Each structure stands twice: as C-alpha cells, then as structure tokens.
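J.: here are the coordinates; sequence isn't available:
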C-alpha cells in the first residue's frame, strides 16, 4: 500500500478547487470592457484608426482591446477610461481643415522712394538684404481655399499686361504653433512664367520671392505671399 | 573630424573661413581658426567637393545679385549679417538672441545647405531649408523651374526671403 497520494474522487475535487481559485484570481485582474462607436467627421478612416491605436490595448491577457473603422464610424472595445481618452483625442483632432487666405502682392524693385504702407513689412525685410532704389506695389490679389484647392486668378498689372497667379494649396497643418501651409505657385506675366516654386511656411509668415536676372525685361519683379489660417 | 561634424561646421563657417580652408588644403599650416577645416579637407575628397561647390554657388548668387542691386552687393549684406551674428553671440551665449543670430547666419548660408543637399545632378532643382529663429517649423522651398534658390532668414521671423538665380553652368 502506498501512502501520501490522493486518488479517485478526492483528487478530482482538489483539481477543480485549484482551477476555480485560479479562474477567480484571473477574473479579478481582467478589466471590464465596453464597446462604443465614434463618428469621425473630418479625418480619413485610416488616420482616425492610427490616432487611437495607442489607446487600444490589443495584447491585454484575457480582455484584448479592439478597434475597427468603416465609412467614418470608429468602433472601439476598451475600458471606460480608455474610451474617454479616445473621445478626447478625437474631439481635439477631428476638426475641419482651416480655410487658407492667401494674399499676394506684386512689387517692383527700384520703384518709389517713399514707403508704401501696404508693403512696409516686405520692404523692411528687403532693405535688410538689398538696397534697391525703392519698392512699388504694382498689383494685389487675395484668394481663399482649403487643402487640395487650386486657385487661378487673372488680373492686369500696369505695364506688365495680363498676369495670373496659379496656386495649389498642397498641405495645411494646424498645430499648437499656429500651423503651416505648403503652397505650389506660379506667377505668369504675359507669356512668361516669372516664378514657379513650392514653399512651406508658417501660417502668418510672408514668403518673399525674387529672382535675378529678371525674367520681365529689365524690371525687378518681387512676389510676396502671406498665408493665414482661418477656422471655420 | 568626421564628415557629419565637418558639414555642420561648414554651414556655420564664414566665406573667408571656407575659402581659407580650400586654399590651405595642400598646406595645412594655416591659422588655427581654419586648421581643422583644412586638415579635414586635405583628407576628405567628398567634403572638399562640397566646400568648393558651396563657394561656386555663393559666387554665382553674389554675381547675380550684384547686377540687380548695385548699391549693396551680396557680399556686403553677408558680411553685415555675419557681423551682427557675431555681435549677438558675444552678447549672450544662450537664449533668443543666439537663436536669432543663428537664424541670420543660417539664412545667409542656406545656399550652401542647398548645394550640399543637391540630389540628382545639376539638372535637378535645388532644395533648401533654413533653421528658424524659434523652434517652429523651418521654411522650405523647391524650385519648379531650372534654377537655384537661396533662403534668407532676417530679423523679422514673420518674413522669409527666397531668391532665385541661375547658378553657374545652368
């Protein structure tokens, strides 16, 4: 006869007790998950999903978090606390792209001696670098658009003839520092393309474009563009 | 001196320092200020090429601007900007003044950065960027026409000047 070994129905009972205790212990550590669907109004589906991904604990033992998105509906299964964080994140970032106001000025160097208040900022900047005889505003154009918009504005510039501004708002980023705009633009005077460039500048910053030699005869034409973001 | 460290210094060096280093690369017994450049240039063909291209691009820009701005050639503007940069550096080693001074220097030197970063051979447009006065985003520019571009950051952080020109050989 062997001693110290439990067999039969007693053995089964002990095993069940151990398993039950283990299960109860695990259940205490498994958080309660909820499922909620958020409406994504402005972000693309993949952007919204990527944005909330860090808040979804897919590897949680026993209760993995989940997220899926389709046609602007983001469904997340997570703890109440994480769902709250996701809601706050979407509230912060799921916003319409701002409207961009673009103010173009066509300026001629070696123009007037007196400062024109409409180009005072640009003139002050240019005077730090160069000493043309003076600067003269010869044309102004203001247009509005949003990311992806292409704008084309024809106008007449005295002595330059029919001119046109062609601009594509390639990218608009709103951030805590005020945002930035990437702009592809061309300035045509008659049959000539005076400027063709892509620039990214901070919102509110003025980009001043000049070139040598001049492509407009002997005239030194300078183009300035200020981009400003306007919330809807 | 490793190349990345040299390239950083190259962007901060004055034209005279680069020219001096290029002159002295066969004879590294130059003055101490340019000795490190000269030694590295003597050893590294790629960095010597970069320094030479910077000076060629700078000369081309200066030539282009000289014809357009008779009262103040680019060299004068460059020297004034560097003097101002040095004056501000000596006033304070830290803080916004130094950042602003760095922006002035970087703006004047941006054409060098463009030359170093040039990709795809001389037929490709240059791409240049410049460090801003604050931690905010740096302005960037890409030409759609076949030309080079210099970026000038000035005292006013709300204005940035892009100047397009035909480089030598373009």
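T.: Nice, I can see it. Only a predicted model underlies this, so the values are computations on that prediction, with no experimental measurement involved. Numbering: from 1, shown residues only, chains lettered A, B, ... in the order given.
J.: Longest strand in chain A, please.
T.: Ranked by number of residues, the top strand in chain A under DSSP state E is strand A:161-173.
J.: Could you list the paired strands of the helix or strand following that one along with their orientation?
T.: Moving toward the C-terminus from strand A:161-173, the next helix or strand (DSSP states H and E) is strand A:180-189. Each strand paired with strand A:180-189, and its direction, by DSSP bridges: strand A:161-173 (antiparallel), strand A:192-202 (antiparallel).
J.: Using JSON lines, lay out those strands together with mean pLDDT.
T.: Shown next, in JSON lines, are the strands paired with strand A:180-189 (pLDDT from 0 to 100):
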{"stretch": "strand A:161-173", "mean pLDDT": "90"}
{"stretch": "strand A:192-202", "mean pLDDT": "89"}
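J.: Dump these to TSV, plus mean neighbour count.
T.: From N, CA and C alone the C-beta is placed, and that goes for glycine too. Formatted as TSV, the entries for the strands paired with strand A:180-189 read as follows, by neighbours: other C-beta atoms under 10 Å in any protein chain shown:
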stretch	mean neighbour count
strand A:161-173	18
strand A:192-202	21
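J.: just so I know, which of the ones you listed lies nearest residue A:51?
T.: In this view, those are compared for proximity to residue A:51 by C-beta to C-beta, and strand A:161-173 is the closest at 14.7 Å.
J.: For the residue lying closest to residue A:167 once chain neighbours are set aside, give me the pLDDT.
T.: With C-beta to C-beta, 6 or more residues apart in numbering or on different chains as the criterion, residue A:167 has its nearest non-adjacent residue at 4.3 Å, and that residue is residue A:185. In this model, residue A:185 is scored at 93, pLDDT.
J.: Spit out the contact partners of residue A:185.
T.: With contacts defined as C-beta atoms under 8 Å, 6 or more residues apart in numbering or on different chains, residue A:185 is in contact with A:165, A:166, A:167, A:168, A:195, A:196, A:197, A:198, A:199, A:225.
J.: did I read that right, residue A:114 in a strand?
T.: No - inclusion of residue A:114 in a strand is not indicated when DSSP: H, G, I helix; E, B strand; the rest coil is applied; the result is coil.
J.: I'd say it and residue A:134 touch.
T.: Yes - at 7.3 Å, residue A:114 and residue A:134 qualify as touching, with contact defined as C-beta atoms under 8 Å.
J.: Mind checking which of the two has more residues around it?
T.: Shown here are residue A:114 and residue A:134; by other C-beta atoms under 10 Å in any protein chain shown, residue A:134 has more neighbours (16 against 9).
J.: Distance of that one relative to chain B?
T.: Distance, residue A:134 to chain B, by C-beta to the nearest C-beta, to the nearest Å: 11 Å.
J.: Look up phi and psi at that residue.
T.: Residue A:134 adopts backbone torsions of phi 170, psi 180, taken as degrees, to the nearest 10.
J.: how near is it to residue A:106?
T.: 15 Å (C-beta to C-beta, to the nearest Å).
J.: give me the low-pLDDT residue ranges for chain A?
T.: Per-residue confidence for chain A (pLDDT under 70) gives these ranges: A:1-28, A:111-112, A:131, A:214-215, A:217-218, A:232.
J.: all helices for it, in order.
T.: Listed in chain order, the helices of chain A (DSSP state H) span A:8-29, A:45-52, A:80-93, A:120-129.
J.: Excluding its own residues, what touches stretch A:153-171? List them.
T.: Contact partners of stretch A:153-171, identified using C-beta under 8 Å, 6+ apart, comprise A:100, A:102, A:104, A:106, A:138-139, A:141, A:143, A:145-152, A:181-190, A:198, A:200, A:216, A:219, A:221, A:225.
J.: For PyMOL, write a command that selects the buried ones of those.
T.: Buried residues among these (16 or more other C-beta atoms under 10 Å in any protein chain shown), as a PyMOL selection:
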select buried, chain A and resi 100+102+104+106+138+139+141+143+145+147+149+151+181+182+183+184+185+186+187+188+189+198+200+216+219+221+225
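J.: excluding its backbone neighbours, what's nearest the residue nearest to the spatial centre of chain A?
T.: Within chain A, the residue whose C-alpha comes closest to the C-alpha centroid is residue A:173; the distance, by C-alpha atoms, centre = their mean, is 2.8 Å. Nearest residue to residue A:173, sequence neighbours excluded (C-beta to C-beta, 6+ apart): residue A:180, at 5.1 Å.
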